[in-house]
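[1] any chance you could fold what I've pasted below:
(one chain, ligands or ions: 1)
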Amino acid sequence: MVITIDGAAGVGKTSTAKEVAKKLGFQYFDTGSMYRAVTLYFLEKNVDFSSMSEVDKALNIMKLKIDFSEKNNMKLLLDGNDISLKIRNQNVTKNVSAVSAIKSVRTLMVGIQRSVTQNGNFVVEGRDIGTVVFPDAKHKFFLEADYDARAKRRMADFMKINEVININEIKEDLIERDKYDSGRKLSPLKKPMNAVIINTSNCSFEEQVDQILKNIES
Ligand code: DC
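    The predicted model follows:
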């Protein structure tokens with residue numbers, strides 16, 4: 001079974017999806033980290049991602065592995081190395097929207113997302129999970145929050161990896177990324193049909209997890 005949680009950056013998807021998965025005994029699956037991993041690979045290998053032939057060549061060589069062996073954790077291995085922390089840096093964050101808008105990148109990622117979830121129970125978070133990847137999922141959620149709340153969350157994420165960044169810069173980046181992620185032609189960020197909307201601006205973490213669990217139970 002797959003439960004989908006979609007929403008923009010900083011709305012609290014990751015922490016919520018992790019906790020919901022933990023409470024239900026499901027596996028947590030963060031699809032944004034896959035697009036980040038591809039972005040890191042392109043940056044490290046100097047792949048010109050405006051050239052589709054270079055992109056396709058790189059995607060054929062790249063060895064991306066998802067490790068679900070730890071309960072309630074997901075690790076990403078790129079060419080055998082754990083890149084779970086590296087994919088959170090600012091350079092990856094700045095470039096990931098452009099990389100995730102490339103058709104061959106999305107086709108490859110969506111194929112992997114569908115195949116690894118064939119057996120088992122997953123809480124899958126992303127942007128197009130309820131709309132494109134699993135449109136028939138029984139339980140779909142869409143998280144929203146205002147820019148101030150989202151920027152504060154993102155700031156806390158950067159502090160965890162010791163990156164110092166101004167909150168206004170984060171807000172501008174979020175606005176820019178929203179424009180890009182919602183406006184792109186392929187699988188734009190939008191509320192999936194039949195999804196339950198949860199606004200996380202003013203509710204506590206426990207409340208947002210609770211709303212999701214109650215909805216699934218009912
Ligand atoms: O959730 P995140 O910030 O780690 O996601 C990184 C980027 O990946 C985000 O800018 C949009 C993209 N993304 C996507 O296009 N589709 C998904 N299912 C998940 C993320």
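[2] let me see the contact set for residue 7.
    Residue 7 makes contacts with 13, 125, 127, 142, 143, 144, 189, as judged by CB atoms under 8 Å, 6 or more residues apart in numbering. Just so you know, the C-beta spots here come from the backbone N, C-alpha and C atoms, and that holds for glycine as well.
[3] can you classify the nearest residue to it once chain neighbours are set aside by secondary structure?
    Spatial nearest neighbour of residue 7, chain neighbours left out: residue 143 (3.5 Å); criterion: CB to CB, 6 or more residues apart in numbering. Under DSSP: H, G, I helix; E, B strand; the rest coil, residue 143 falls in the strand class.
[4] next, count neighbours for residue 143.
    Residues lying near residue 143 (other CB atoms under 10 Å) number 23.
[5] show me where this structure has strands.
    2-7, 27-30, 64-67, 75-78, 81-82, 122-126, 139-144, 196-199 (DSSP state E).
[6] who does the last one touch, helix- and strand-wise?
    Strand 196-199 makes packing contacts with strand 139-144, helix 205-217 when contacts are defined by 3 or more CB pairs under 8 Å, 6 or more residues apart in numbering; DSSP states H and E.
[7] run me through the strand neighbours of it, direction for each.
    Note on strand 196-199: by DSSP bridges, its sheet partners are strand 139-144 (parallel).
[8] not counting sequence-adjacent ones, nearest residue to the most centrally placed residue in the chain?
    Nearest to the mean C-alpha position of the chain, by CA atoms, centre = their mean, lies residue 32 at 2.6 Å. Ranked by CB to CB, 6+ apart and with sequence neighbours excluded, the top spatial neighbour of residue 32 is residue 126, at 5.9 Å.
[9] please report how far that neighbour lies from residue 16.
    Going from residue 126 to residue 16 by CB to CB, to the nearest Å gives 13 Å.
[10] the two: which is more packed in?
    residue 126 (29 against 23).
[11] how many neighbours does the nearest residue to residue 72 once chain neighbours are set aside have?
    Spatial nearest neighbour of residue 72, excluding adjacent residues (CB to CB, 6+ apart): residue 22 at 5.0 Å. Counted with other CB under 10 Å, residues neighbouring residue 22 total 14.
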